[in-house]
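# Quick check, what structure comes out for this input:
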Amino acid sequence: MTAAEKDLLDTLTRVANTLTHQGIRFAVAGGFAVYARGGPPSEHDVDVLLKESDAEKASRVLAETGMIPVEPPEDWLTKVYDGDILVDLIFRPNHREVTDETLDRAEPMRIGSTMAPVVTGTDLMTDKLLVLGPHRCDFTGLLQIARELREQVDWARVADETRDSPYARAFLQLLRELDVVEDR
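Next up, the predicted model:
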């Protein structure tokens, strides 16, 4: 693990421990969810899902630990910085509200030195596929993630939840053609 990856992991640990001790429900998402599930470590930020009603409190309690809150122009997340490390506090990924059900599905997993709830492989792949679009359509990283997490994903549910995205449908067809997932 590089020094930068270690710094990111230290920030994730601080965020997870702070939110847990303050009773704020959350789930690790993004690159660190991939890492927790056996994929490569995150290289650029820390992503945490939480309910919109908890976003302001989460930002405040993280600021009390020395992190710097930032109000981004987007209306689906808020952000804090731990030094140079960005932490995204996401409450509406891909225009889908984070609900109690989303957080209930998260599974406690060890990530570095801490235990934290981590989004399921199915929710992770669904969110990653819903990001695809005409300006973001590079399958390279997603192929590696899909291969490494394939047994942790309910691919039929991913297909159902991403059915309106031609980019997601194309990616899922590619996975079938490459025998990463079974043809259905």
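
# Show me which residues of the helix or strand hosting E101 are buried.
Using DSSP states H and E, E101 falls within helix 100-105. Under the neighbour-count criterion of 16 or more other C-beta atoms under 10 Å, helix 100-105 has 102-103 buried. From N, CA and C alone the C-beta is placed, and that goes for glycine too.

# Can you pull the phi/psi pair for the residue positioned nearest the centre of the chain?
Geometric centre of the chain, nearest residue: A29, 1.9 Å, by C-alpha atoms, centre = their mean. Torsion angles at A29 (phi, psi; degrees, to the nearest 10) stand at phi -130, psi -170.

# again, but for L129
phi -70, psi -30.

# Double-check V118 against L103; I have them as touching.
No: judged on C-beta atoms under 8 Å, V118 makes no contact with L103 at a distance of 11.0 Å.

# which residues are in contact with both of those two?
A27 (C-beta atoms under 8 Å, 6 or more residues apart in numbering).

# how much space between E161 and K128?
E161 sits 12 Å away from K128, taking C-beta to C-beta, to the nearest Å as the criterion.

# who's more crowded, the two?
Neighbour count, other C-beta atoms under 10 Å: between E161 and K128, K128 has more, with 23 against 20.

# Which residue comes closest to the more buried one once chain neighbours are left out?
L142 (6.0 Å; C-beta to C-beta, 6 or more residues apart in numbering).

# tell me which element that neighbour is part of?
helix 140-149.

# Tell me the buried residues in that helix?
Applying 16+ other C-beta under 10 Å to helix 140-149 flags 142, 145-146, 149 as buried.

# Pull the residues that contact it.
By C-beta under 8 Å, 6+ apart, helix 140-149 touches 34, 37-40, 121, 124-125, 128-129, 153, 171, 174-175, 178, 180-181.

# Can you say which of those residues are buried?
Members of the contacts of helix 140-149 classed as buried by 16+ other C-beta under 10 Å are 34, 37, 39, 121, 124-125, 128-129, 153, 171, 175, 181.

# Look up the closest residue to P117, ignoring the ones flanking it.
In space, P117 is closest to A106, 3.7 Å off (C-beta to C-beta, 6+ apart).
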